[in-house]
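Asks: structure, please.
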Amino acid sequence: MSASLRTPAACLWRAFFLAACVLSGPLVVRAQPAKNYRPMPNYVQLGKPDQAEGRRLMSDFRHLGISGDYYLEFRLRMMPHRGQESVFTGRLWGGRRPEGAYTRLELSGPDGSQVRLLILNGPNPQIWRWRPGLLEPEHLGLRDLFQAIPGTVLTPFDLQMPYLYWNDYTFEGLAKVRGRPAYNFLMYPPPDVEKADPALRGVRVSIDSEYKAMVESTLIGADDAPLKRLSLQELKKVQGQWIVQMVEVRDEATRSKTRFSVTGAALGQSFADGLFSPGALARDIAPPSGGAVDRF
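Replies: Next comes the predicted model:
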């Protein structure tokens, strides 16, 4: 039984984070903004919000996560505004280690193509990529993060969502987002990201004030124009816990959508640390055994 975003149940923000990470709108050529353009905060409550309180809220949010490791299976439905739809399937393994939150992700295209990524998120984010035919995984540089993965419309930047850890941001206050009270933050890219993608000028992040789950994020370009919008659609109770079942991304330039749906989950797992090493990307990994995966 699925639940809408309004369902009063404690969802797992980290599951949503990883679900959202596999989404993106179609790759388009962006107009270059005016040099040094910086979006202005949109304070959504009377008076300027307490920035110290905003820092505390963001710090707490960054340290939340699922207890133990977890495994998800998913479908990725590409819905262009014009053209034929396509469906990708994928699997991911996730877990937190002392250096940050790891995700091992496998994405398979309708033509049988495959790409694997190892994503480390946190203060020092990194991404490695492996494709069939490579002897060793590639460590991606900053410019590589904005290049589409062959055969898909995804970029490593979309998968990693590093803006959740940017240090330059403004707390905009509490307001309703998708019918839920949410804390709003305007995140500003560091200089190296500005250089790699000058069109990206900021990201607005909305965090549910009760469940501490990210319910929406919007990439912002020149003149505050939205580039992409990611929003939580549905939750589902699995193994006694509420997790994300559906997330949708809309590309504002093309009006195309991408829909992510979880089709299986195993929570409370304990994976060997070697699973989250770059060298393991070339190895086939089986899903958790013994009936651990609930498929739906």
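
Asks: low-confidence stretches in the stretch 51-200 of the chain?
Replies: For the stretch 51-200 of the chain, the stretches with pLDDT under 70 are 65-66, 148-154.

Asks: recalculate using a threshold of 80.
Replies: Scanning the stretch 51-200 of the chain for pLDDT under 80 picks out 64-67, 123, 148-160.

Asks: quick one: contacts for Arg38?
Replies: With contacts defined as Cβ atoms under 8 Å, 6 or more residues apart in numbering, Arg38 is in contact with 188, 201-202. C-beta coordinates here come from the backbone N, C-alpha and C atoms, glycine included.

Asks: which ones among the residues you listed lie within strands?
Replies: For these, the ones inside strands are Gly202, with DSSP state E as the criterion.

Asks: all helices of the stretch 1-150 of the chain, in order?
Replies: Under the criterion DSSP state H, counting those that start in this stretch, the stretch 1-150 of the chain carries helices at the ranges 13-21, 51-62.

Asks: same question for the stretch 151-296 of the chain.
Replies: Applying DSSP H, counting those that start in this stretch to the stretch 151-296 of the chain gives helices spanning 156-160, 191-196.

Asks: the shortest one packs against which elements?
Replies: It stands for helix 156-160. Packed against helix 156-160, as judged by 3 or more Cβ pairs under 8 Å, 6 or more residues apart in numbering; DSSP states H and E, are the following elements: helix 13-21, strand 114-121, strand 126-130.

Asks: pLDDT (mean, whole number) over the first one?
Replies: Mean pLDDT, taken over the full extent of helix 13-21, equals 39.

Asks: can you pull the phi/psi pair for Pro137?
Replies: Main-chain torsions, Pro137, degrees, to the nearest 10: phi -70, psi 150.

Asks: I misspoke; the intended subject was Pro189.
Replies: phi -70, psi 150.

Asks: then Pro190?
Replies: The main-chain torsion angles of Pro190 are listed as degrees, to the nearest 10 and equal phi -70, psi 170.

Asks: how many neighbours does it have?
Replies: By the measure other Cβ atoms under 10 Å, the count of residues near Pro190 is 12.

Asks: so Val293 is in contact with Arg91, correct?
Replies: No: with the criterion set as Cβ atoms under 8 Å, Val293 and Arg91 do not qualify as a contacting pair; they are 10.0 Å apart.

Asks: shared neighbours, the two?
Replies: In the contact map built from Cβ under 8 Å, 6+ apart, the residues linked to both Val293 and Arg91 are 71, 73, 287.
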